[in-house]
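Predicted model, plus sequence, below.
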Protein chains: 2
Amino acid sequence: MTGKIRVDMTVSLDGFVAGPDDGPDAPMGAGGFRLFNWLDKRNDPGPSGEVYAEAMATRALISGRRTYELAGHWGGDHHDGVPIFVLTHQVPDQTPPGTVRFVTDVAECAALARAAVGDGVAMVHGAGAAQALLRAGEVDELDLHVVPVLLGQGRRLFDGLPAEPVEFELVQPREASDVLHLRYRIKPSTE
Amino acid sequence: MTGKIRVDMTVSLDGFVAGPDDGPDAPMGAGGFRLFNWLDKRNDPGPSGEVYAEAMATRALISGRRTYELAGHWGGDHHDGVPIFVLTHQVPDQTPPGTVRFVTDVAECAALARAAVGDGVAMVHGAGAAQALLRAGEVDELDLHVVPVLLGQGRRLFDGLPAEPVEFELVQPREASDVLHLRYRIKPSTE
């Protein structure tokens, strides 16, 4: 029994996960924190609370290195002490904090995460990690939280992918007043 | 009384309106015709039929030059003989067919279309025209038909916009089995 891998990302209507000029001093780029307003309702009843609870019920996290650094390593514990697999090109010398484990190979990272979650879900944070896993064909679901703003410029969630169409199906749209939560599941290949 | 301008476009989940390598011989690019499958249901009852009927009830069309050429000029009549305003950098020498009028200035194009539709809606086709109108602040609504496929590469709907956030609100999500229809309305500026 291996688990599912679910990309979980908040995006602007034009597909950005951060505004322009993001970096250590401006982790979400110019104007990018707008994307997280909906999280003010993460503990309320309603669609946003539901979606957030589902994210917190995932049993592992896969993160890109950039997201990991920008998030201050989550103090080594993203939620409930679940394993954290950080995809990176270069493993740092320091011992990683908490449940963090660095992985350089995408397929290995996916396999470790699937094994860790049993029949549960591993959540993916970070556009870089999402793109790497998509390129490797290792994404089962997309949880997109679509914020009704055009940022105009920034870091795109879907970028640098090959010109090979991948079919999904919309499982569950959930509308909140300030965000649209869309869950897509990959279609089984008919080959 | 002036009318509204509504961008009406079918996009992939990753925001493309055509696949890669589009051109006269492949107007939708590689794999891009996948985006139009939902139009098979345009005359059926249900959300896709409803959405299509609303598009056909618009009282003017604004099109980019590229879309206009790729569509074979619609024989000079897109639907019901409504005025067609084609945004172009260079007005061709030939007399335009049917109700077509070429316009080089974006603000003038928007004003002509608004005047033409009374209290109705002018529909915008083409990523280039949509981007020009967005840059000019002339878009009131977005009708996005989101097809659950990642194309990976292609022509983006939202591209080349300035890094100036524009807020919308989701008016009406309508879910069909193979496409999600989303209508967004621009938020009145609070300035």
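Arrived safely, thanks for sending.

Per-residue pLDDT of the residue nearest to A:Thr58 when sequence neighbours are not counted, please?
Spatial nearest neighbour of A:Thr58, chain neighbours left out: A:Met123 (4.0 Å); criterion: CB to CB, 6 or more residues apart in numbering or on different chains. The way it works is simple: take the backbone N, C-alpha and C, and place the C-beta from them, glycine included. At A:Met123 the predicted local distance difference test score is 98.

Equivalent analysis for the one 3 residues further on, please.
At A:Gly126, the pLDDT value in this model is 96.

Low-confidence stretches in chain A?
Counting by pLDDT under 70, chain A contains low-confidence ranges at A:1, A:190-191.

which residues in it form helices?
Taking DSSP state H, the helices of chain A run over residues A:47-56, A:65-70, A:106-117, A:127-135.

Going by neighbour count, list what's buried in the last one.
So that's helix A:127-135. Buried positions in helix A:127-135, judged by neighbour count with 16 or more other CB atoms under 10 Å in any protein chain shown: A:Ala127, A:Gly128, A:Ala129, A:Ala130, A:Gln131, A:Ala132, A:Leu133, A:Leu134.

Ok, stretch A:145-162 next?
Judged by neighbour count using 16+ other CB under 10 Å, the buried positions of stretch A:145-162 are A:145-159, A:161.

cool, and stretch A:171-182?
Applying a neighbour-count criterion of 16+ other CB under 10 Å, one finds A:Pro173, A:Arg174, A:Ala176, A:Val179, A:Leu180, A:His181, A:Leu182 buried in stretch A:171-182.

residues in contact with that stretch?
Judged by CB atoms under 8 Å, 6 or more residues apart in numbering or on different chains, the contacts made with stretch A:171-182 from elsewhere in the structure are A:10, A:37-38, A:41, A:46-48, A:50-51, A:141-148, A:170, A:183-185, B:170, B:173, B:175, B:180, B:182.

Sitting in strands, which of those residues do you find?
Judged by DSSP state E, strands contain the following of those: A:10, A:141-147, A:170, A:183-185, B:170, B:173, B:175, B:180, B:182.

ok so, going back, for the buried residues of stretch A:145-162, which two are the farthest from each other?
Comparing every pair within these by CB to CB identifies A:Pro148 and A:Leu161 as the most remote, at 24.4 Å.

Please tell me how far the nearest residue to A:Ala136 once chain neighbours are set aside sits from B:Leu13.
If the residues on either side of it in the chain are set aside, A:Ala136 comes closest to A:Val106, at 4.5 Å by CB to CB, 6+ apart. In this view, A:Val106 and B:Leu13 are 21 Å apart by CB to CB, to the nearest Å.

One more: A:Gln153?
Taken as CB to CB, the spacing of A:Gln153 relative to B:Leu13 amounts to 21 Å.

Who does the spatially most central residue of chain A form a beta bridge with?
Here the mean C-alpha position of chain A is nearest to the C-alpha of A:His125 (CA atoms, centre = their mean), at a distance of 2.6 Å. Each beta-bridge partner of A:His125 is listed here: A:Ser63, as defined by DSSP bridges.

Enumerate every residue touching it.
A:His125 makes contact with A:Asp8, A:Met9, A:Leu61, A:Ile62, A:Ser63, A:Gly64, A:Thr67 under the criterion CB under 8 Å, 6+ apart.

Neighbours of the closest residue to the first one other than its chain neighbours, how many?
Spelled out, it's A:Asp8. Once its chain neighbours are removed from consideration, A:Asp8 has its nearest residue in A:Asp143; the separation is 4.4 Å (CB to CB, 6+ apart). A:Asp143 is flanked by 22 other residues according to other CB atoms under 10 Å in any protein chain shown.
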